[in-house]
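Got a sequence here, can you model it:
(chains A, B, C and D)
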There are 2 protein chains.
Amino acid sequence: MDHPEGVSTLPDVSEAEMPAAVSRQERKQRTRQALLDAALELLADRGFGSLSLREVTKRAGIVPTAFYRHFTSMDELGVALVEETTRTLRGMIRSARTEPVSHRGRIDASVRTLYEHVRAHEDHFRFVTRERYAGTGPVARAIGVELRLFSSDLAIDLARFDHLREWPTEDLHALADLIVTAMLATVVDLLDVRHGDREADERTLELARKRLRMILVGVPHWRPSA
Amino acid sequence: MDHPEGVSTLPDVSEAEMPAAVSRQERKQRTRQALLDAALELLADRGFGSLSLREVTKRAGIVPTAFYRHFTSMDELGVALVEETTRTLRGMIRSARTEPVSHRGRIDASVRTLYEHVRAHEDHFRFVTRERYAGTGPVARAIGVELRLFSSDLAIDLARFDHLREWPTEDLHALADLIVTAMLATVVDLLDVRHGDREADERTLELARKRLRMILVGVPHWRPSA
DNA sequence: GATTTGAGTGCACATCTGTACACTCACTAG
DNA sequence: CTAGTGAGTGTACAGATGTGCACTCAAATC
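Residues are numbered from 1 along each chain as shown, chains lettered A, B, ... in the order given. Down below sits the predicted model:
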């Protein structure tokens, strides 16, 4: 009697929306995803630290207390966000590995791959670049771990190249870090370009290529652990 | 009659503190500085976005509403913090310019200078590296401007060198950005080292030098605007 | 000495925060 | 068909937030 009406349990998508999956698990998965999406959207112009549980649930279309059915805390939500982003990054690596290797055009291809993935998942890339240094919380830590893995992967790939065969791993890692850092700087640049400005896009990509060339032009002249 | 007692107007430093300046302006300046200091301390482990006016005033030892005598908003406080940090950076440049230029040891000297300034002003450096990408607010924008100025200054300095005399400014700026980015990465590394770990410090500095060498070893072999 | 000024105070308020609690009721399992 | 489960609901509350208001009272000005 206390809840006269409006007790519809579900956000009332009714029809005209998704197939309205029947399974209970799938329903849960779906709101979980709604929470992640909501958070990501809110993070478009603010930091994760200044993000409230209530905001996220409101945007996701559920009541605040229901949040705890999916995460025990906002930090846990944040880490889940990092994991989601991780999949995007792994997808990018996979793309980069299966590519026309025209030797000279390797830089161009890599930059192109980065560009397309950034544009396809702007939210994710904004999230990592923003939160990477954003604090001491579990989120920043998770991102740190992920980027280090990413860099190590790149180091292994680099080890297969002519000049780099006999470099000590230490130097390889330093080079890989340099490259990753340059790429992340490019990501930030790309996210600053307002949508649809093809010209600015191209200028940014040219700068990205220049950066990589500058780093790599020295490789043949590096004497390891000098 | 409403304020029986405890209306002491000032934080009651009484004596045994600073000379307790008499001037009214100086008093004001002093609490303003207290606000800046308080904010900087609170920012040690959190982002500027998740920083409340009340917290800052509490730590500074004044009542919340008194905040507005000094800044119209938190953002304004943040920009003032950037300006303060700017002075630290300019001081570092000045140090770097008046130094024993042993040609080969230039990298070592620069890294050393960076190290000392970071250790002397950890709060400031943590602030810039944290907030650089932290959002769309006035703070991040102010930091962006400042770092670009910093990078341009470096580009001008670089232009005086042998191999770089005839580089187009575009390439010079790209190189300067590369160096600044590497330096900022080193700052982050340094701030991650727990206090007093001399060994980790030295390892970080060695990595910093390696990074710079890797970037610069290619300089003589770069063909401008290729 | 009398007056003005302004950095600081306390109180008040509406809003937002996280979370405890008891609830419903569609799905699932028996 | 019945019973149990659990993702969702509304209510409630204590605490924190930004800011308006009227205030004090030492320093600055006259």
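
Going by C-alpha atoms from here, please, whenever you check contacts or count neighbours.
Will do.

from chain A, which residue is nearest to chain B?
residue A:218 (3.4 Å; CA to the nearest CA).

how about the residues of chain A that lie near chain B?
Chain A has residues A:45-47, A:49-50, A:129-131, A:133-136, A:174-175, A:178, A:181-182, A:207, A:210-211, A:214-219, A:221-222 near chain B, with proximity defined as CA under 8 Å from any CA of the partner chain.

Report the buried members of these.
A:46-47, A:49, A:129-131, A:133-135, A:174-175, A:178, A:181-182, A:207, A:210-211, A:214-219, A:222 (16 or more other CA atoms under 10 Å in any protein chain shown).

Which members of the residues you listed occur in helices, if any?
Among these, the members falling in helices are A:129-131, A:174-175, A:178, A:181-182, A:207, A:210-211, A:214-216 (criterion: DSSP state H).

how close does the residue of chain A closest to chain B sit to residue B:165?
19 Å (CA to CA, to the nearest Å).

go on, residue A:152?
Using CA to CA, we find residue A:152 at a distance of 37 Å from residue B:165.

What of residue A:137?
From residue A:137 to residue B:165 the distance is 46 Å (CA to CA).

Those two: who's more crowded?
Each of residue A:137 and residue B:165 has its neighbours counted (other CA atoms under 10 Å in any protein chain shown); residue A:137 has more, 16 against 12.

phi, psi of residue A:47?
Here is the backbone geometry of residue A:47 (degrees, to the nearest 10): phi -90, psi 160.

still on that earlier bit, for the residue of chain A closest to chain B, give its distance to residue B:211.
Counting by CA to CA, the gap between residue A:218 and residue B:211 amounts to 12 Å.

distance of residue A:44 from residue A:123?
When distance is defined by CA to CA, residue A:44 is 7 Å away from residue A:123.

no no, residue A:137
For residue A:137, the distance to residue A:123 (CA to CA) stands at 20 Å.

could I have the helix or strand where residue A:124 lies exported to CSV, CA atoms only?
Counting by DSSP states H and E, the element that carries residue A:124 is helix A:122-131. Only the C-alpha atoms of helix A:122-131 are listed here, as CSV (Å, rounded to 0.1, in the frame of the first residue of the first chain):
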residue,chain,number,x,y,z
GLU,A,122,37.5,8.0,-27.5
ASP,A,123,35.9,7.5,-24.1
HIS,A,124,38.3,4.7,-23.2
PHE,A,125,41.4,6.5,-24.3
ARG,A,126,40.3,9.7,-22.5
PHE,A,127,39.8,7.6,-19.4
VAL,A,128,43.3,6.2,-19.4
THR,A,129,45.1,9.3,-20.3
ARG,A,130,43.1,11.3,-17.6
GLU,A,131,43.4,8.8,-14.8
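
Quick one: mean pLDDT over it.
For helix A:122-131, mean pLDDT rounds to 98.

Buried residues of the next helix or strand after that helix, list them for me.
The element immediately downstream of helix A:122-131 (helix or strand, assigned by DSSP H and E) is helix A:138-158. Residues of helix A:138-158 classed as buried by neighbour count (16+ other CA under 10 Å): A:139-144, A:146-147, A:150-152, A:154-155, A:158.

Name the nearest of those relative to DNA strand C.
Of all the buried residues of helix A:138-158, DNA strand C sits closest to residue A:139, with 15.6 Å by CA to the nearest atom of the strand.

can you pull the contacts of the closest one?
Applying CA atoms under 8 Å, 6 or more residues apart in numbering or on different chains to residue A:139 gives the contacts A:75, A:78, A:79, A:82, A:131.

Can you give the contact residues for stretch A:147-159?
With CA under 8 Å, 6+ apart as the test, stretch A:147-159 has contacts from A:164, A:165, A:167, A:169, A:172, A:173, A:175, A:176, A:177, A:180.

Write a ChimeraX command that selects only the buried members of those.
To isolate the buried ones among the contacts of stretch A:147-159 in ChimeraX, judged by 16+ other CA under 10 Å, type:
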select /A:164,169,172,173,175,176,177,180
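
Including distance to residue B:197 and pLDDT, could the contacts of stretch A:147-159 go into JSON lines?
Formatted as JSON lines, these follow (distance: CA to CA, whole Å; pLDDT from 0 to 100):
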{"residue": "A:164", "distance to residue B:197": "32", "pLDDT": "95"}
{"residue": "A:165", "distance to residue B:197": "34", "pLDDT": "93"}
{"residue": "A:167", "distance to residue B:197": "28", "pLDDT": "96"}
{"residue": "A:169", "distance to residue B:197": "24", "pLDDT": "95"}
{"residue": "A:172", "distance to residue B:197": "25", "pLDDT": "97"}
{"residue": "A:173", "distance to residue B:197": "22", "pLDDT": "98"}
{"residue": "A:175", "distance to residue B:197": "25", "pLDDT": "98"}
{"residue": "A:176", "distance to residue B:197": "26", "pLDDT": "98"}
{"residue": "A:177", "distance to residue B:197": "23", "pLDDT": "98"}
{"residue": "A:180", "distance to residue B:197": "27", "pLDDT": "98"}
